[in-house]
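Trainee: Sequence first, predicted coordinates after that:
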Amino acid sequence: MQDFIRIEGAEMVFDTRKGRFHALQGIELRIAHGEFVSLIGHSGCGKSTLLNLIAGLTRPTQGVLLCENREITAPGPERAVVFQNHSLLPWLSCHDNVYLGVERVFGARESKAQLRQRTLAALELVGMSHAIAKRPNEVSGGMKQRVGIARALAMEPKVLLMDEPFGALDALTRAKLQDELLRIVARTRSTVVMVTHDVDEAVLLSDRIVMMTNGPAATIGEIATVDLPRPRDRVALAEDLGYIRLRKQVLDFLYTRHGEKRAA
Ligand SMILES: Nc1ncnc2c1ncn2[C@@H]1O[C@H](COP(=O)(O)OP(=O)(O)OP(=O)(O)O)[C@@H](O)[C@H]1O
C-alpha cells in the first residue's frame, strides 16, 4: 500500500511564558490513500496539535511530515480542515459559505455556473439542499456542522482533517452525522484523519485507531486495526463480537493503561 501521508519523528515543543512545553515526541505514522484514521487520547495529549501539523497550520520542531511525498510546510487546498465549531462566516448564507471555498480552489479555471454546481452538489451530499439561502444563525448546530463538512468536501481535498467534528452536538444528531459521514466517505473515497474523544465513534468510523499516550511528550502508544466489514450498521455492531473486542481494546488503553492523570 502506498503511503499518502507520512509522519517521521515529529516532535512539537511550544514556547510558553512558563518556558518550553514538550507536547509531542517521536510521532511515526503512515496513512494510506482512502484510509479513515482516528486519533484518540485524553484531553490535552496533543491530538489537535498533531492534526494541525498535518494541516500545515504549524510546523514541527523536529521531524518531517509528507503528503504524497511532498513536505507539508503550509495549509493547502488538498488538506481541508473541519473544526468542532463549524467556523462558518455568519453574514453569508449556507450556500455562499460553501461557494467561497469552491471559488478559492476552482475559481481560476471554472465558470460561475460550474462553481455553483459544485456548491449545490456538496450541500446535497450532506442533506442541506433545503436550507441553502439561510444564514448560519438560522439553522441548528448539526446543520451548521453539515455545511462545514460540505464546504470542506466541495473543495475536493485529498484528505479531510476533522477536529472533533461532532463534539458539540447532542447524541442523536451526532449519530446521524456519523452515519452520513460513513456514507459520504464510502462515495468519495476520501482519506480522513479525525480527532475524537469518543471510543464508539472511533470504532464505528475508522480503519485504524491511533491511541495517544498522555502528555507532556505524548506519542503514539498503540494502533488498532478496525477490520469490521463496511457498510457498517451501528445497531448491528452493538452485538458484534469484533466490535466489542475493539471497543474494549481502546477502553483498556485509555482507562486501564493510560488513565488520565488527576491533580491531587
Ligand atoms: N500554541 C500553544 N502554545 C503552548 N502550548 C500549547 C499550544 N497548543 C497546544 N498546547 C499544549 O499542548 C498540549 C496538547 O494540546 P492539544 O490541544 O493538541 O491537545 P488535545 O489532545 O487536542 O486536547 P483536547 O482533547 O482537550 O482538545 C496541551 O498541553 C496544550 O496546552
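Mentor: Great, that's in hand.
Trainee: dump the residue contacts of residue 35.
Mentor: For residue 35, the contacting residues are 4, 191-192, 207-208, by CB atoms under 8 Å, 6 or more residues apart in numbering. Any C-beta I mention is one placed from the backbone N, CA and C, and that applies to glycine too.
Trainee: give me that answer again for 7 Å
Mentor: Taking CB atoms under 7 Å, 6 or more residues apart in numbering as the contact definition, residue 35 lies against 191, 207-208.
Trainee: can you map out the strands along the stretch 151-264 of the chain?
Mentor: 159-163, 191-196, 208-212, 220-225 (DSSP state E, counting those that start in this stretch).
Trainee: Repeat that for the stretch 1-150 of the chain.
Mentor: In the stretch 1-150 of the chain, the strands defined using DSSP E, counting those that start in this stretch lie at 3-16, 19-32, 36-40, 62-67, 70-71, 79-82.
Trainee: weakest of these by average pLDDT?
Mentor: Among these, strand 79-82 carries the lowest mean pLDDT, a mean of 90.
Trainee: Check the burial of residue 227 by counting its neighbours.
Mentor: For residue 227, the tally of surrounding residues (other CB atoms under 10 Å) stands at 9.
Trainee: What of residue 47?
Mentor: Residue 47: 24 neighbours (other CB under 10 Å).
Trainee: cool, and residue 109?
Mentor: When neighbours are counted by other CB under 10 Å, residue 109 registers 7.
Trainee: Quick check: the gap between it and the ligand.
Mentor: Distance of residue 109 to the ligand, given as CB to the nearest ligand atom, to the nearest Å: 36 Å.
Trainee: same question, residue 89
Mentor: Distance from residue 89 to the ligand, by CB to the nearest ligand atom: 24 Å.
Trainee: Go ahead and confirm that residue touches residue 98.
Mentor: No: applying CB atoms under 7 Å as the test, residue 89 and residue 98 come out as separate, 10.8 Å apart.
Trainee: Just grab the bridge partners of the residue nearest to the spatial centre of the chain for me.
Mentor: Nearest to the mean C-alpha position of the chain, by CA atoms, centre = their mean, lies residue 162 at 2.0 Å. Beta-bridge pairing for residue 162 (DSSP bridges): residue 82, residue 194.
Trainee: For it, which residues are in contact?
Mentor: 82, 192, 194-195.
Trainee: Same check on residue 51?
Mentor: Residues in contact with residue 51 (CB under 7 Å, 6+ apart) are 39, 161, 163, 193, 195.
Trainee: cool, and residue 135?
Mentor: So residue 135 contacts 90, 93 (CB under 7 Å, 6+ apart).
Trainee: Now residue 129. Nearest residue, chain neighbours left out?
Mentor: The shortest distance from residue 129 to any non-neighbouring residue, by CB to CB, 6 or more residues apart in numbering, is to residue 123 (5.6 Å).
Trainee: isn't the one you found right next to residue 148, touching?
Mentor: No: proximity of residue 123 to residue 148 does not meet the contact threshold set by CB under 7 Å, at 11.5 Å.
Trainee: about what we covered before: which pLDDT value belongs to the residue nearest to residue 129?
Mentor: Confidence at residue 123, expressed as pLDDT, is 94.
Trainee: Now for it, how many residues are close by?
Mentor: Residue 123 has 25 nearby residues by other CB under 10 Å.
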